[in-house]
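*Asks:* Model the following, please.
(one chain, ligands or ions: 1)
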Amino acid sequence: MKNILGVFNGKFQDLDKIKVSPLSRAYTFSDSVYEVIPFYNNKIIAFEKHINRLSNSCDALNIKSNISLCSDEILHLISTSKLKNGYVYYQISRGVDALRSHIYDTSLEVETFGYIVDYQFESKDLKVSLCEDIRWQRCDIKSTSLLGNVMSMNQSKNNHCDEVIMHKDGELTEGGASNVFFVIEGNIYTPSLSSNILPGITRELLISESNKNGIYIEEGKYSVNDLLQAESIWLTSSTKCLGQVIEIIGYETKIELNNEVFQKCNKIFKNAFLSGQLNNNII
Ligand code: PDD
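*Replies:* Predicted structure coming up:
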């Protein structure tokens, strides 16, 4: 495999040369937060929003980070990599314990880690399954504690699916690594941020870009039954962009593959993405 540029505690080096301590709290407790920051045509998509969310995740877990230093490292990864399209994975952990302990030492120094990869952004059709959302109640925090997502997504993959759509007692939440949108009688719906979901940046960008184009997206509480009435369903994320759901395994659906509303939203998002309108930072 080609060398991947990484950074660990401020030191830029090849990813395979980075060594971490087994007493890192990221390792023992997944006591860390992260971001996936896309860039396209040398421009970062919604950089400020990603940095703000990283900062909010740290604050929510009382992780004392130097966000402007992290932001500089992300920018440095992108500018030195010479890649045109791709994403940066960036993680901040609470630090390394002297010995594993649930109770953290408030004087620990945070541990930062990131890397950059080439990535082709394209909207793919997705086959999904449905499952009960078994995660904790702070899914608004972009924490690396993702075992609920990991187990559900792998179960879904074993059923030959690309993603999973989760629900808590029948109320829709989000995808395993994405937010969910659906269309009934031409109206677009997405679970509100109070549904214990990640405040997805692609979700936010799509809502605001659609609004600018006169398309209103309703945010609220919706059920699996609502989803099964939908003529179009799609998932959003920084790497998926808008991915159309073509099948929910085990369910009869009303999904139309050439749905006009999806095509309109996808076009609006694609145009904004490709033309650089979603970028607020030029490398
Ligand atoms: N995940 N919900 C969950 C649970 C996610 O993991 C993600 C993204 C999203 C979409 O967020 P955004 O639009 O800001 O990417 C929603 C990233 C891509 C990941 O973990 O790889």
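*Asks:* Which residue, other than its chain neighbours, is closest to the most centrally placed residue in the chain?
*Replies:* Closest to where the C-alpha atoms of the chain average out (Cα atoms, centre = their mean) is Ser237, at 5.1 Å. Distances taken as Cβ to Cβ, 6 or more residues apart in numbering place Ser178 nearest to Ser237, at 4.2 Å, with adjacent residues excluded. (Each C-beta comes from the backbone N, C-alpha and C, glycine too.)
*Asks:* How about Gly220?
*Replies:* Ser192 (5.5 Å).
*Asks:* Over to Tyr87?
*Replies:* Pro38 (4.6 Å).
*Asks:* packing partners for the host helix or strand of the one you found?
*Replies:* If you go by DSSP states H and E, Pro38 is part of strand 32-40. For strand 32-40, the packing partners by 3 or more Cβ pairs under 8 Å, 6 or more residues apart in numbering; DSSP states H and E come out as strand 43-45, helix 47-60, strand 86-93.
*Asks:* contacting residues around the residue nearest to Gly220?
*Replies:* 219-221 (Cβ atoms under 8 Å, 6 or more residues apart in numbering).
*Asks:* same deal with Cys265?
*Replies:* Listed by Cβ under 8 Å, 6+ apart, the contact partners of Cys265 are 181, 188, 206, 210, 215, 234, 242.
*Asks:* now it, what's its secondary structure?
*Replies:* Following DSSP: H, G, I helix; E, B strand; the rest coil, Cys265 is assigned to helix.
*Asks:* tell me which element Tyr27 is part of?
*Replies:* For Tyr27, the host element (DSSP H and E) is helix 25-28.
*Asks:* quick revisit: let me see the backbone angles for the residue nearest to Gly220.
*Replies:* phi -70, psi 160 (degrees, to the nearest 10).
*Asks:* Val224: what's it in contact with?
*Replies:* Val224 touches 130, 167, 170, 172, counting by Cβ under 8 Å, 6+ apart.
*Asks:* What is the neighbour count of the second one?
*Replies:* Neighbour count of His167, defined by other Cβ atoms under 10 Å: 20.
*Asks:* Flag every buried residue along stretch 191-202.
*Replies:* 191, 195-198, 200-202 (16 or more other Cβ atoms under 10 Å).
*Asks:* let me redo that: stretch 3-18
*Replies:* 5-8, 15, 18.
*Asks:* What is the end-to-end distance of it?
*Replies:* 12 Å (Cα to Cα, to the nearest Å).
*Asks:* how far is it from where the chain is centred?
*Replies:* 22 Å (Cα atoms, centre = their mean, to the nearest Å).
*Asks:* Outside of that stretch itself, list whatever touches it.
*Replies:* 20, 69, 73, 76-77, 80-81, 111-117.
*Asks:* Kindly report the same for stretch 214-221.
*Replies:* Applying Cβ under 8 Å, 6+ apart, the contact partners of stretch 214-221 are 171, 181, 187-193, 195, 206-207, 210-211, 261, 264-265, 268.
*Asks:* Name the residues of it that are buried.
*Replies:* 215, 217.
*Asks:* Now the terminal residues of it, how far apart.
*Replies:* End to end - Cα to Cα - stretch 214-221 spans 23 Å.
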